[in-house]
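Asks: sharing a model prediction with you, sequence too.
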Amino acid sequence: MTATTDPGEADAGCNTTLPPLAAVIARHGLQPKRALGQHFLLDPGLCGRIARAARPDNPAVILEVGPGPGGLTRALLAAGAARVVAVEKDRRCVAALGELAVRYPDRLEIVEGDALSFDIATLGPARIGIVANLPYNVGTRLLLRWLERVERIESMTLMFQKEVATRITATGGRDYGGLSVRAQWLCTCERLFDVSPRAFVPPPGVVSTVVRLVPRATPLAPADPDALDAVTRAAFGQRRKMLRRALRGLAPDPHALLERAGIPPEARAETLSVADFCALARAWAVLRGP
Ligand code: SAM
């Protein structure tokens, strides 16, 4: 897959043609800034594929983080999103996106700001969809933040660097860790497809992967979130050790803790299921006391 400069797209809803993204980038001087993780997608075919995977006609509101020059934003609108709220930190991009917002006054709102401090509760009571080609430097932090507000979210269709996508969806082995447990406890997590570095301008040094997370109606098993964090941190902190040793810093008697959770003391973190971690978190909460 290579980055293609589009010849201009039909403007969904208006019988006009949008200017090519390359022209938008040139006109607004959007030289990519590394500090903002700027790797732009100019291929309308690829943007359309991501947008369709997000099923944007379903949620009442789509939050797009980091729209950049607007390739994915255009695709979301073309795919039927009723309302897109796009949060962008780079003022230059906000100016460029203003032209698109003028064409979709009722469907597109551009917010200049940092997505890390954007409160999704401000988007109203209905559950939202989140779609983003995420800036790599804040992608994991944003996901963890959204997982804290998962009851407000209908789905998340997100592009991460492949290594992070692998950690989110791993169910065992060396990529399995606290992020996998937290995400899969709250959501079904599916890897959709990889995107070659050549699809971006400029190309990043890594392959990217689109992941879809759909919040579960209730978490996979009962557990207190802080207790779950504590046990996963302790267990994966010494992931090569048997749990009877790895959990020493967490509990004075790891054997009793593991027995209560129904987990063999010789097990290692990488072999526990998410449900096992929840059992461990419940046992730890009981043994620790109020
Ligand atoms: N969505 C565009 C695309 O696919 O071409 C751009 C994606 S680029 C990987 C990431 C975008 O996120 C950039 O436009 C960057 O300015 C923006 N960004 C970086 N950090 C941000 C933050 N903390 N909050 C909001 N936007 C941010």
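Replies: Looks like it came in fine. Keep in mind that what you see is a predicted model, and the values were worked out from it rather than measured. Numbers count the residues shown, from 1 in each chain.

Asks: next up, the contacts around L280.
Replies: Listed by Cβ atoms under 8 Å, 6 or more residues apart in numbering, the contact set of L280 reads V231, A235, L257, L258, A261, I263, L272. C-beta here means a position set from N, CA and C on the backbone, and glycine is covered the same way.

Asks: what pLDDT does it get?
Replies: Among the per-residue scores, L280 holds a pLDDT of 98.

Asks: does the ligand sit close to stretch 208-226?
Replies: No: if you take Cβ under 6 Å from any ligand atom as the test, stretch 208-226 misses the ligand, and the best it gets is 8.7 Å.

Asks: could you pull out the buried residues of that stretch?
Replies: Buried residues in stretch 208-226, counted by 16 or more other Cβ atoms under 10 Å: S208, T209, V210, V211, R212, L213, P215, P219, L220, A221, A223.

Asks: stretch 229-249 too?
Replies: So for stretch 229-249, counting by 16+ other Cβ under 10 Å, buried means A230, V231, T232, A234, A235, F236, Q238, M242, L243, R244, A246, L247.

Asks: same question, stretch 163-179
Replies: V164, A165, T166, R167, I168, T169, A170, D175, Y176, G177, G178, L179.

Asks: dump stretch 43-57 to PDB, restricted to CA.
Replies: Provided in PDB are the C-alpha atoms of stretch 43-57 (Å, rounded to 0.1, in the frame of the first residue of the first chain):
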ATOM      1  CA  ASP A  43      -5.400   7.800   0.400                       C
ATOM      2  CA  PRO A  44      -9.200   8.100   0.300                       C
ATOM      3  CA  GLY A  45      -9.500   4.300  -0.300                       C
ATOM      4  CA  LEU A  46      -7.700   3.500   3.000                       C
ATOM      5  CA  CYS A  47      -9.500   6.300   4.900                       C
ATOM      6  CA  GLY A  48     -12.700   4.800   3.600                       C
ATOM      7  CA  ARG A  49     -11.800   1.400   4.800                       C
ATOM      8  CA  ILE A  50     -11.000   2.600   8.300                       C
ATOM      9  CA  ALA A  51     -14.200   4.700   8.400                       C
ATOM     10  CA  ARG A  52     -16.400   1.800   7.200                       C
ATOM     11  CA  ALA A  53     -14.800  -0.500   9.900                       C
ATOM     12  CA  ALA A  54     -16.000   2.000  12.500                       C
ATOM     13  CA  ARG A  55     -19.600   1.700  11.300                       C
ATOM     14  CA  PRO A  56     -20.000   5.500  11.900                       C
ATOM     15  CA  ASP A  57     -23.700   5.700  11.000                       C
END
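
Asks: contacting residues around it?
Replies: Under Cβ under 8 Å, 6+ apart, the answer for stretch 43-57 is 1-4, 6, 9, 41, 62, 71-72, 74-76, 78-82, 84, 129, 131, 133, 155, 157, 159, 192-193, 195, 199, 210, 212.

Asks: average pLDDT for it?
Replies: For stretch 43-57, the per-residue pLDDT averages 95.

Asks: where does the prediction get shaky in this protein?
Replies: 1-16 (pLDDT under 70).

Asks: which residue ranges of it form helices?
Replies: Ranges of helices within the chain are 21-27, 44-53, 71-78, 91-103, 139-147, 162-169, 178-186, 225-237, 243-246, 254-261, 274-288, based on DSSP state H.

Asks: out of those helices, which comes closest to L36?
Replies: Closest approach to L36 among those (Cβ to Cβ): helix 91-103, 8.9 Å.

Asks: tell me what angle the closest one forms with helix 71-78.
Replies: Angle between the axes of helix 91-103 and helix 71-78 is 20 degrees (criterion: axes from the mean of the first three to the mean of the last three Cα atoms, to 10 degrees).
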